[in-house]
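Novice: okay, sequence plus prediction incoming.
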Amino acid sequence: MSELPNIVVTGASGRMGQMLIRTVEASGKARVSAAVERSGHAWVGQDLGEVMGVAKGVVVTDDPLEAFATAQAVLDFTAPAATVEFAALAAQARLVHVIGTTGMEAEHLARLEPAARHAVIVRAGNMSLGVNLLVELTRKVAQALDADWDVEVIEAHHRHKVDAPSGTALMLGEAAAEGRGVSLAEVSDRGRDGITGARDRGHIGFSAIRGGDIVGEHDVLFAGEGERVILRHVATDRAIFARGALKAALWGQGKAPGEYSMADVLGF
Ligand SMILES: NC(=O)C1=CN([C@@H]2O[C@H](COP(=O)(O)OP(=O)(O)OC[C@H]3O[C@@H](n4cnc5c(N)ncnc54)[C@H](O)[C@@H]3O)[C@@H](O)[C@H]2O)C=CC1
Ligand SMILES: O=C(O)C1=N[C@H](C(=O)O)C[C@H](O)C1
């Protein structure tokens with residue numbers, strides 16, 4: 001019997017699910033004890049050793065309750081409706097729930113609150129070290145520059161991405177708004193089209209590009225009169241998100257119940 005922490009990966013067959021399984025198994029710090037997919041998915045009932053060539057003996061299940069029963073953490077990069085269901089079950093089992101899922105609306109976030117009263121949740125729209133550093137830099141630059149500098153967050157992702165702006169773009173927009181001491185909800189400009197009128201001073205704009213296999217690129221543009229400052233992160237490998245998620249799962253062990261961010265995990 002292994003002494004390593006048991007980790008469940010939900011959305012096992014997904015782009016991130018597969019990366020998470022490989023990262024956990026290669027880490028030597030934890031083991032994949034269960035893998036969950038949605039009912040009806042072709043992977044349900046299959047051994048990971050057969051479908052992925054790693055974690056032999058782990059049979060993909062569509063029963064999260066059973067999967068969570070013997071684990072210490074769950075890495076969840078799926079979809080908002082699934083994530084809120086997993087949060088309730090993870091709280092019952094007192095697992096650390098690492099949530100990478102983006103596109104969460106207010107009603108989804110509200111459903112995390114009762115779960116966070118009983119268990120540790122670490123949630124971030126981006127789990128990479130570089131992006132979380134960029135968030136801190138964005139807050140600082142926004143603090144230093146006044147509203148004569150227009151802030152625009154520009155992101156690019158692969159053609160399969162279903163939500164926009166990206167979770168990362170929203171984190172960056174929030175950081176810029178915090179730096180300026182304003183509420184993002186009041187100054188956010190999303191999806192300009194047609195005769196929009198001139199740009200409002202102090203607003204924070206968002207633009208989303210979707211195409212090909214782009215892993216994830218984010219620019220925060222501060223556009224002033226006669227000069228521009230651009231902060232940029234480019235992801236070339238999904239392993240950066242998986243490494244952050246595993247770090248969060250290990251960090252969360254023994255912490256008091258509550259919702260935490262990657263900034264907490266990284267000590268920023
Ligand atoms: N926070 C971060 O660092 C990152 C977050 N993401 C986010 O992670 C999410 C997933 O991204 P991808 O892996 O690219 O998507 P994907 O579509 O490749 O994978 C999602 C997986 O979740 C599964 N799923 C959906 N509902 C389920 C349910 N009820 N039970 C079990 N499995 C279920 C799907 O079958 C699919 O295999 C997205 O919201 C994305 O934005 C992606 C990369 C990094
Ligand atoms: O869907 C993706 O792929 C990604 N999603 C996250 C987001 O919405 O920001 C993180 C990363 O950019 C990749």
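Specialist: Sure, I can see it. Ligands and ions are numbered 1, 2, ... in the order given.
Novice: which parts of the stretch 51-200 of the chain sit against ligand 2?
Specialist: Thr102, Gly125, Asn126, His157, Lys161, Ser166, Gly167, Thr168 (C-beta under 6 Å from any ligand atom). C-betas here are computed from N, CA, C, even on glycine.
Novice: what is the burial count for Asp150?
Specialist: The tally of other residues near Asp150 (other C-beta atoms under 10 Å) stands at 19.
Novice: if it is in a bridge, with which residues?
Specialist: Counting by DSSP bridges, Asp150 forms beta bridges with Ala223.
Novice: any chance you could map the helices in the stretch 151-268 of the chain?
Specialist: Secondary structure of the stretch 151-268 of the chain (DSSP state H, counting those that start in this stretch): helices at 167-180, 184-187, 239-251, 262-266.
Novice: how about the ones you listed, which one is nearest Asn132?
Specialist: Closest of the helices of the stretch 151-268 of the chain to Asn132 is helix 262-266, at 4.8 Å (criterion: C-beta to C-beta).
Novice: that closest one packs against which elements?
Specialist: The helices and strands touching helix 262-266, judged by 3 or more C-beta pairs under 8 Å, 6 or more residues apart in numbering; DSSP states H and E, are strand 120-123, helix 129-144, helix 239-251.
Novice: return the member of the residues of the stretch 51-200 of the chain next to ligand 2 nearest to Leu4.
Specialist: Closest approach between these and Leu4, by C-beta to C-beta: Asn126, at 26.2 Å.
Novice: surely the closest one and Leu133 touch.
Specialist: No. In this structure Asn126 lies outside contact range of Leu133 using C-beta atoms under 8 Å: 10.7 Å.
Novice: sorry, back to before: I'd like the helices of the stretch 151-268 of the chain as TSV, with distance to ligand 1, mean neighbour count and mean pLDDT appended.
Specialist: Shown next, in TSV, are the helices of the stretch 151-268 of the chain (distance: least, C-beta to the nearest ligand atom, whole Å; neighbours: other C-beta atoms under 10 Å; pLDDT from 0 to 100):
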stretch	distance to ligand 1	mean neighbour count	mean pLDDT
helix 167-180	6	23	98
helix 184-187	18	13	98
helix 239-251	4	23	98
helix 262-266	8	19	98
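Novice: looking at those helices, which is nearest to Asp76?
Specialist: That would be helix 239-251 among the helices of the stretch 151-268 of the chain, by C-beta to C-beta, at 8.8 Å.
Novice: distance from the closest one to the middle of the chain?
Specialist: When distances are taken as C-alpha atoms, centre = their mean, to the nearest Å, helix 239-251 is centred 11 Å away from the chain's centroid.
Novice: which strands or helices does it pack on?
Specialist: If you count contacts as 3+ C-beta pairs under 8 Å, 6+ apart, helix 239-251 packs onto helix 15-27, strand 73-76, strand 96-99, strand 120-123, helix 129-144, helix 262-266.
Novice: so the residue in the stretch 1-150 of the chain that ligand 2 sits nearest to is in which element?
Specialist: Nearest residue of the stretch 1-150 of the chain to ligand 2, counting by C-beta to the nearest ligand atom: Thr102, 3.7 Å away. For Thr102, there is no host helix or strand (DSSP states H and E).
Novice: out of everything not next to it in sequence, what's closest to it?
Specialist: Leaving aside its sequence neighbours, Thr102 sits nearest to Gly167 (C-beta to C-beta, 6 or more residues apart in numbering; 3.1 Å).
Novice: so the one you found sits against Gly103, correct?
Specialist: Yes. If you go by C-beta under 8 Å, Gly167 and Gly103 touch, sitting 7.2 Å apart.
Novice: state the phi and psi torsions of Val60.
Specialist: Backbone geometry at Val60, expressed as degrees, to the nearest 10, gives phi -60, psi 130.
Novice: let me fix that, I meant to ask about Ala91.
Specialist: When read as degrees, to the nearest 10, the backbone of Ala91 gives phi -70, psi -40.
Novice: I'd guessed it sits against Pro114; true?
Specialist: Yes. Counting by C-beta under 8 Å, Ala91 touches Pro114, with 7.3 Å between them.
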